[in-house]
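K.L.:
this one's structure only:
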């Protein structure tokens, strides 16, 4: 019985530690007017052991974002989102709403705030910097993923990388290569201007 109580108390302390870390990251992020980040994404198929790599960048300001990634650009002003497919010169327009716990470009640095149980799983040194590892388990078991592991820069308090474990046997590895706080972010950057793309096909799905 004593050993069980000790184990339980230790687990509670670790959970408190994860909450302390995540609150620090949230406070840091919310203190910024905007964020620019360049990143790389590795898409691993654990069944056939293949990996696809992509590079991208994102500009964030409140609930607005502009995401550039291989083959497409996604822009949102917080109300509508535009997905521009470069190869076909087509833009699809959707509402920008998202459910709690969904991973979107707008919340990639704060998705952990709602809908997850968290656990601190230790310190780790990556690229010469001290990281804190936090494991997230969604409370909604119907989500397409069952676990997210965050590596948080201990000194600068931002998410350096995230690993998303999907139920379909794939794993997504996001790694931030450059993080620029308070980057220039005019409101016009978060609205897609179709007039700049001659011959573009506009598909309004709202």
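P.N.:
That came in fine, so what should we check first? The structure displayed is predicted, hence computed values, not measured ones. Numbers count the residues shown, from 1 in each chain.

K.L.:
C-terminal to the worst-scoring helix or strand of the chain on mean pLDDT, which secondary structure element comes first?
P.N.:
Lowest mean confidence among the helices and strands of the chain (mean pLDDT, DSSP states H and E): helix 2-30, at a mean of 67. The helix or strand immediately downstream of helix 2-30 is strand 35-45, counting by DSSP states H and E.

K.L.:
which helices and strands sit right next to the very next helix or strand once past that following strand?
P.N.:
The C-terminal neighbour of strand 35-45 among helices and strands, as given by DSSP H and E, is strand 50-61. Strand 50-61 is packed against strand 35-45, strand 64-69, with contacts defined by 3 or more C-beta pairs under 8 Å, 6 or more residues apart in numbering; DSSP states H and E. In short, each C-beta sits where N, CA and C put it, glycine included.

K.L.:
Take those and write them to CSV, including distance to residue 205 and mean pLDDT.
P.N.:
Below are the helices and strands packed on strand 50-61 laid out as CSV (distance: least, C-beta to C-beta, whole Å; pLDDT from 0 to 100):
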stretch, distance to residue 205, mean pLDDT
strand 35-45, 25, 92
strand 64-69, 18, 92
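
K.L.:
Ok, which of those strands comes nearest residue 151?
P.N.:
For residue 151, the closest of those is strand 35-45, at 12.9 Å, according to C-beta to C-beta.

K.L.:
now the angle from that closest one to strand 50-61?
P.N.:
Put simply, strand 35-45 runs at 160 degrees to strand 50-61, going by axes from the mean of the first three to the mean of the last three C-alpha atoms, to 10 degrees.

K.L.:
Tell me the buried residues in strand 35-45?
P.N.:
35, 36, 37, 39, 41, 44 (16 or more other C-beta atoms under 10 Å).

K.L.:
contacting residues around the first one?
P.N.:
I take that to be residue 35. 29, 58, 59, 60, 61, 109, 179, 180, 181, 182, 183 (C-beta atoms under 8 Å, 6 or more residues apart in numbering).
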